[in-house]
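> need coordinates for the below:
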Amino acid sequence: MVSASPALLAFDAMAPAFDQRFSGWRSVAAQRRAVRRELLDAFPPGSRLLELGGGTGVDAIFMADQGREVLLTDGAPAMVARANQNIRAVGLSHRVSTQLLAIEQLPDFASQRAARPLFQGAYSNFAAFNCVSDYEAAGLALARLLEPGSPLVLVVFGTLCPMEMLVQLMRVDLRAAFRRLRSGPVAARLGGQHFTVHYPSSREFQSAFAPYFQLERIRGIGVCVPPSAAEPAISSWPRLLSALERLDRFASRPFARLGDHVLLRFTRTHAPAES
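You can find the predicted model right below:
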């Protein structure tokens, strides 16, 4: 059993106020809409999906409402509890189930499900994978959980975000402005809790997940739309945000690596995955 990491403790502490804090932020909503377009494109209706770091369930609820079946997993107990409340509130318990599971526990989870049907896709939104460090183990476990040909969509922090640099430089916070350029773990804080995040490149993920997954597509999420660091101030400029969101549709491919987040779409290969 893997003990709760500092990151999970931070998100667990934040769970009661998480939806209230982030749901009203227009920049977050704009980035989420971009991710959801990609998720709907990747996973056809009826797909059995595994969500990693599902938080309070907002994406799982959306995907279930669009005809997908989702197992939401998260390592923070309070997040899973809040997700269950949200799922019941919209009457989608028949399409969304939940399990307390950290990404670090995926190898054991894959062994436990060895005799059960494989998932037809998996996804993780908004940087859950930036809070772990052993990508090879996660990739191997996911290979054991997904059918060959299945999509895997990861939305992780970009390694170079000019919009974040601009916001933090305007605040004269040099440390925050250039934090993504550092190697190794970087200090972070949420809900009064301290933890660390990592900023691996798309090539590092590609290498860690080979030969079980082939990287097919890279999209920038929030190339022009500001990061949450610009909140709550940027939400008071809805017309500007709408214009930046439209620009993102054109910028997301050629300038993918400049996004606040980067969406990586893999396909499960036929390479056998040994436990």
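> any idea how far the closest residue to Arg33 other than its chain neighbours is from Gly222?
Closest residue to Arg33 apart from its sequence neighbours, by Cβ to Cβ, 6 or more residues apart in numbering: Glu245 at 7.5 Å. Where you see a C-beta, it was placed from the backbone N, CA and C, and this is true even at glycine. In this view, Glu245 and Gly222 are 9 Å apart by Cβ to Cβ, to the nearest Å.
> what do you get for Ala138?
Here Ala138 is placed at a distance of 24 Å from Gly222 (Cβ to Cβ).
> who's more crowded, these two?
Comparing Ala138 with Gly222 by other Cβ atoms under 10 Å, the one with more neighbours is Gly222, at 28 against 23.
> what sits against the closest residue in space to that one that isn't next to it in sequence?
Excluding the flanking residues, the one nearest Gly222 by Cβ to Cβ, 6+ apart is Asp260, at 3.2 Å. Shown in contact with Asp260 (Cβ atoms under 8 Å, 6 or more residues apart in numbering): 31, 157-158, 161, 163-164, 221-223, 225-228.
> ok so, going back, now for Glu245 and Gly222: what residues contact both?
Shared contacts of Glu245 and Gly222, defined by Cβ under 8 Å, 6+ apart, are found at 30, 34.
> strands along the chain, start to end?
Using DSSP state E, the strands of the chain run over residues 48-52, 69-74, 96-100, 121-124, 151-157, 186-190, 193-197, 213-221, 261-268.
> what's the closest of those to Gln112?
strand 96-100 (10.4 Å; Cβ to Cβ).
> helices or strands up against that closest one?
Applying 3 or more Cβ pairs under 8 Å, 6 or more residues apart in numbering; DSSP states H and E, one finds that strand 96-100 contacts helix 58-65, strand 69-74, helix 77-89.
> the first one packs against which elements?
In this case it means helix 58-65. Using 3+ Cβ pairs under 8 Å, 6+ apart as the contact test, the elements touching helix 58-65 are helix 26-42, strand 48-52, strand 69-74, helix 77-89, strand 96-100.
> out of those, the one nearest Ala15 is which?
Closest to Ala15 of these, according to Cβ to Cβ: helix 77-89, at 3.5 Å.
> got the contact list for that closest one?
The contact list for helix 77-89, computed with Cβ under 8 Å, 6+ apart, reads 11-13, 15-16, 18-19, 54-58, 60-61, 72, 74, 93, 96, 98-100.
> switch to 6 Å and redo it
By Cβ atoms under 6 Å, 6 or more residues apart in numbering, the list of residues contacting helix 77-89 from outside reads 11-12, 15, 55-57, 72, 74, 93, 96, 98, 100.
> neighbour-wise, which of these leads?
Greatest neighbour count in the contacts of helix 77-89, by other Cβ under 10 Å, goes to Asp74: 30 neighbours.
> any weak-confidence spans in the protein?
1-3, 275 (pLDDT under 70).
> give me the most central residue, it.
Geometric centre of the chain, nearest residue: Asn125, 1.9 Å, by Cα atoms, centre = their mean.
> does that one really touch Val155, like I thought?
Yes - with contact defined as Cβ atoms under 6 Å, Asn125 counts as touching Val155 (4.8 Å).
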